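Asker: Fold the following.
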Amino acid sequence: MLLKRKRGAVAIAFVVGEAWLTIAEVVMAARQSTQVNMLCQRPIHTHSSMSVAQLISSHLVKKTAKKSKYFFSSRPVVLVQWPERYYRELTLQRPPKLTLTGNGLAALLADAGFNPKEWRWDVQVNQGHCQFLLMKLTDYHEIYHALQEHRCPPDVIGWTPRPDTLQFNFSHSGAWPDIAATQQAVHLAVQYFTGH
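Answerer: Predicted structure coming up:
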């Protein structure tokens, strides 16, 4: 069940690449539609004195401290996607009597050779398959604590795959060094509002 998001609610998605930090700010607009208010990319390695967590924190401080038409009356929802090497995708055949409650999914993961206690995971189940998205628990905690230290703990550490085809949206015009990451950031933020 999806909760209706309030108009004016803001989601900010940060996609951390190997070289670029991509930021998409999406707001819930009229009639449950979404609107991209801001999209930008910052090089990571030119800020050698700042960690990625510091770059994210400084962006959030600037956005929440500035009184403008984009002033946030409440804290925005923060979504973060780390580089793809931190994630693993796993597709398994769905057993006929799989239970989605209890330990059914954890047992399925264990049968595939993954210790469920060592991984943070999410799963999408369809008629014939279970698609797992896995992240090492040690990596998850390291990322979360680094962001928490800089007072920008994420509401969601998520992942959206790189698009197979690049679709450039001319309403987000600009010189994008990593167009795929801009699509990922917008999709991650919009997904928070729409659920898909």
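Asker: What residues does the residue lying closest to Thr194 once chain neighbours are set aside make contact with?
Answerer: For Thr194, ignoring the flanking residues on the chain, the nearest one in space by Cβ to Cβ, 6 or more residues apart in numbering is Thr34 at 7.2 Å. Placement of C-beta: from N, CA and C, glycine included. When contacts are counted by Cβ atoms under 8 Å, 6 or more residues apart in numbering, Thr34 touches 26-28, 189-190, 193-194.
Asker: quick one: which of the residues you listed is nearest to Val125?
Answerer: Here the nearest of the contacts of Thr34 to Val125, counting by Cβ to Cβ, is Thr194; it sits at 19.7 Å.
Asker: How much space separates the closest one from Val186?
Answerer: Using Cβ to Cβ, to the nearest Å, we find Thr194 at a distance of 12 Å from Val186.
Asker: okay, these two: which has more neighbours?
Answerer: Under the criterion of other Cβ atoms under 10 Å, the comparison of Thr194 against Val186 puts Val186 first, with 22 against 13.
Asker: Leaving out sequence neighbours, find the closest residue to the more buried one.
Answerer: Distances taken as Cβ to Cβ, 6+ apart place Ala24 nearest to Val186, at 4.7 Å, with adjacent residues excluded.
Asker: The protein: strands as residue ranges?
Answerer: For the chain, the strands defined by DSSP state E cover 10-16, 20-28, 34-43, 77-81, 87-93, 119-125, 129-136, 156-157.
Asker: so for the longest one, what's the average pLDDT?
Answerer: Averaged across strand 34-43, pLDDT comes to 89.
Asker: now it against strand 10-16, angle please.
Answerer: Interaxial angle of strand 34-43 relative to strand 10-16 (axes from the mean of the first three to the mean of the last three Cα atoms, to 10 degrees): 30 degrees.
Asker: Direction included, what does strand 34-43 pair up with?
Answerer: strand 20-28 (antiparallel) (DSSP bridges).
Asker: Buried residues in the partner strand, which are they?
Answerer: Buried positions in strand 20-28, judged by neighbour count with 16 or more other Cβ atoms under 10 Å: 20-28.
Asker: need the contact list for the residue nearest to the spatial centre of the chain.
Answerer: The structure's the chain has its C-alpha centroid closest to Gly158; by Cα atoms, centre = their mean the separation is 3.6 Å. Each residue near Gly158 by Cβ under 8 Å, 6+ apart is listed here: 79-81, 188, 191.
Asker: I am finished for the moment; much appreciated.
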